[in-house]
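[1] Have a look at this fold, sequence not included:
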DNA sequence: TATGAATGAGCTTTCATTCAT
DNA sequence: AATGAATGAAAGCTCATTCAT
């Protein structure tokens, strides 16, 4: 958007600064355990005062949500691109892209856990979460359809989404395993999930020959 | 185990007290949000002092692990019983039993999240976690085999386990939904997961050419 | 005051803006608890920036003082009107008018408390406070005189002023009581204070022995 | 109370420590403006950690209330002693004792302001406040009766209590005056209040002689 | 003169852990 | 072995004030 007036400029700058904070926070979340990311640390990393953060976000959960949603938007972009490439086994590729992204943005689940399991979300912010979720599920649904899965596609999309998230919470950092080993394991499981959600003629035992 | 010596007796008692604490903590976790359960509250509920808890567990994560493992043992018992009943669609039933249990013991994931994603687990305790996981996965593997799934059964068991956990983190308390509604949704998704992990001849389009 | 020069005009405008801020702040204080009124909220309510407020008042207490004094001027106007009405029991009416006003402008005491008990007042501003106090006390003194109280009238005015303020701090919002109930209680106490400050022939027991 | 058991001893000690904190806080309040007394400073003054304070008081207002009530109990003791001394003009002496005490424990009103005007009091603590207030008012009522004031004594006690409090809020630290000067002024006003609440035959102008 | 984003010291409160008894 | 008071670092958040634009 090209600013038309001085006001526009200022509000654009403000928005940019706000995004900057969320961006730095996102990096922090990618590198650290969710519990260890505090407002003070975000402030330090952004080279901004604590108060400034509260000038942009009215509380910590609002900032978390912003990061969460930005993660969501990134994923949506990646998945969209994957769907557009007309390669074979699109579903498998979508699953791998998704799990791959999550491996590099670990805190995504811990936030999900916070927003969904612990319910730290105001009614005001709920629609934002819903909207992002819906967009992502639309894409999963499309991938399922392409893969030949044509019954209950919405519910199946939910199940697929769940299953991939579950891989992460269950194995992304399984204690005692090296990072790369874990990552490969999650990708391997993503592949299995994908296969199970594809229409699988080949897996049917040959019958009458 | 029948005590043979006075020492045995004392150590049995000690073990009993330790279990008592873990048991009360487990109830607390079932009824409350993970974040709200503190050492103090566990001490109060057990009618034991804070210090006593530290006499049995060297830190809070050791106690959490004990609770987690006890949860695991309960699940294992339930799944075993399900496998023994020779009804049809055993895999589906196993999935439902598992998800059902988790609905009533929500904190299970938050602990999983703590141990796996946040890595709060000492090397010393890792084997205990491993052992329980292995037992549970053995059962899932068996269920898969019964359902006709015969390739890569170990990895498939991992994938199934992941998928079911994912249902919980993604939808168990989806904000804005009533508890009963959420529960039904999770069971419905468990069923879809089960179907996708079963051998599904019926889903193959008729090939009459 | 009619502006004579351009300078006058500008300075008049400036003064008007200053009064505007104080006026809005006054409304805010009347409707909200003292502790909840912040510079930010005053700025928002005035539709002016925080910085602008600091252009007119060098700190928050200067603004508070302005509000306090404006409250004082309002009270003075009301009490004057009451004194001019040649009704009977003027002292009682003055007391009720005063307490009534305070019931609708609660923060008055909290400011008094701030200025007097906590001493948040610069030497520069002291004369303004003094001047307003003196005017109000003049009126109380006159009311006492009308009521027949003719000894130590200045000190009695102080005592009367104190007593009415004390009603508010002691009972204006006594916890557990409804607002209307509290208000009535304060008016009732104001009446008792008035009676005690009037010359009370009737209260002397008949001495027929 | 003489401790009977070891338990008694421990609980007595605990109680003593709790009182110690309140006592130190009371001194702090006597010497400093209410706003400047923080949990941290109380902890420092008591040579105790912040956490310890929260072991004894569940929040800051509970501690404030304790201090307030202890102030109240002290006043009650003093007023009682005054009533028991069979000197003349007991009411006047009661008023002076009360105002004198408050001069040495300034924060009393700021707490009153907090509890009464700002309503920072949980339902649970309300009865404690009520009880102390009632006891104090009983004494004021008795003083009024002794002074010959026999109508509406309860309401009059309220009015008297209010009036004396008002002296403090209005003049205890009137800016620009020396401490001793202010103190004398408050005592002088207390005397005037007392006179006005006494039955005053002498003040009645001689009528028909 | 008006703006309002930035500041940061300071607030209350929490809670796993320690240790003298 | 059991106790539970003491600890204190660290959390989220507030708000009067400043200052570059």
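    On my side now, so go ahead. Source: prediction; values computed, not measured.
[2] what does the worst-scoring helix or strand of chain A on mean pLDDT rub up against?
    Every helix and strand of chain A was ranked by mean pLDDT, DSSP states H and E. The lowest is helix A:107-112, at a mean of 78. For helix A:107-112, contacts defined as Cβ atoms under 8 Å, 6 or more residues apart in numbering or on different chains pick out A:29-30, A:32-35, A:37, A:64-65, A:67-68, A:71, A:102, A:165, A:168-169, B:113, B:117-118, B:169-170. For every residue, glycine as well, the C-beta is placed using N, CA and C.
[3] Tell me the buried residues within those residues.
    Neighbour counting by 16 or more other Cβ atoms under 10 Å in any protein chain shown classes A:29, A:33-34, A:37, A:64-65, A:67-68, A:71, A:102, A:165, A:168-169, B:113, B:117-118, B:169-170 among the contacts of helix A:107-112 as buried.
[4] about what we covered before: run the chain-centre distance for the least confident helix or strand of chain A.
    Counting by Cα atoms, centre = their mean, to the nearest Å, helix A:107-112 is centred 8 Å from the centre of its parent chain.
[5] Quick one: residues in contact with the very next helix or strand once past that helix.
    Scanning forward in sequence from helix A:107-112 by DSSP states H and E, the next helix or strand is helix A:126-146. By Cβ under 8 Å, 6+ apart, the list of residues contacting helix A:126-146 from outside reads A:65, A:68-69, A:72-73, A:75-76, A:79-80, A:83, A:90-91, A:94, A:115, A:121, A:153-154, A:156-158, A:160-161, A:197, B:175-176.
[6] Buried ones in helix A:126-146, by neighbour count?
    If you call a residue buried by 16+ other Cβ under 10 Å, then helix A:126-146 has these buried ones: A:128-129, A:132-133, A:136-137, A:139-144.
[7] what's the closest of the residues you listed to DNA strand E?
    Nearest to DNA strand E among the buried residues of helix A:126-146 is residue A:128, at 21.0 Å by Cβ to the nearest atom of the strand.
[8] Do you know the pLDDT at the closest one?
    The confidence metric pLDDT takes the value 88 at residue A:128.
[9] Quick check: it vs chain C, distance?
    Residue A:128 sits 25 Å away from chain C, taking Cβ to the nearest Cβ, to the nearest Å as the criterion.
[10] separation between that residue and residue A:73?
    As judged by Cβ to Cβ, to the nearest Å, residue A:128 and residue A:73 stand 11 Å apart.
[11] same deal with residue A:105?
    Residue A:105 is 12 Å from residue A:73, by Cβ to Cβ.
[12] where's the most centrally placed residue in chain A, which helix or strand?
    Among the residues of chain A, the one closest to the centroid is residue A:72, at 4.3 Å (Cα atoms, centre = their mean). Using DSSP H and E, residue A:72 maps to helix A:60-84.
[13] quick one: that helix near DNA strand F?
    Yes: residues of helix A:60-84 contacting DNA strand F under Cβ under 7 Å from any atom of the strand: A:60-61.
[14] Can you name the element that comes right after that helix?
    As assigned by DSSP H and E, the chain's next helix or strand after helix A:60-84 is helix A:90-104.
[15] OK, contacts around residue A:49?
    By Cβ under 8 Å, 6+ apart, the neighbours of residue A:49 are residue A:43.
[16] Ramachandran coordinates for it?
    For residue A:49, the backbone dihedrals (degrees, to the nearest 10) come out as phi -80, psi 160.
[17] any idea how far it lies from chain B?
    Using Cβ to the nearest Cβ, one gets 28 Å for the distance from residue A:49 to chain B.
[18] Give me the neighbour count for residue A:87.
    Look at residue A:87: counted by other Cβ atoms under 10 Å in any protein chain shown, it has 9 neighbours.
[19] excluding its backbone neighbours, what's nearest it?
    Nearest residue to residue A:87 in three dimensions, chain neighbours excluded: residue A:93, at 6.7 Å (Cβ to Cβ, 6 or more residues apart in numbering or on different chains).
[20] my read: the one you found touches residue A:81, true?
    No: using Cβ atoms under 8 Å, residue A:93 is not in contact with residue A:81, being 10.2 Å away.
[21] More neighbours: these two, which one.
    A count of neighbours by other Cβ under 10 Å puts residue A:93 above the other of residue A:93 and residue A:81, at 19 against 10.
[22] got a list of what the more buried one touches?
    Contacts of residue A:93 by Cβ under 8 Å, 6+ apart are A:82, A:85, A:87.
[23] returning to that earlier point: can you tell me the closest non-neighbouring residue to the residue nearest to the centre of chain A?
    Nearest to residue A:72 is residue A:132, by Cβ to Cβ, 6+ apart, at 4.0 Å.
[24] Domain-wise, how is chain A divided?
    For chain A, the domain assignment from automatic domain parsing gives the residue ranges A:1-57, A:60-197.
[25] most packed of those?
    Across the domains of chain A, the average number of neighbours (mean count of other Cβ atoms under 10 Å in any protein chain shown) peaks for domain A:60-197, which reaches a mean of 19.
[26] What separates the first and last residues of that domain, distance-wise?
    38 Å (Cα to Cα, to the nearest Å).
[27] Would you mind measuring from residue A:61 to residue B:177?
    Distance, residue A:61 to residue B:177, by Cβ to Cβ: 19 Å.
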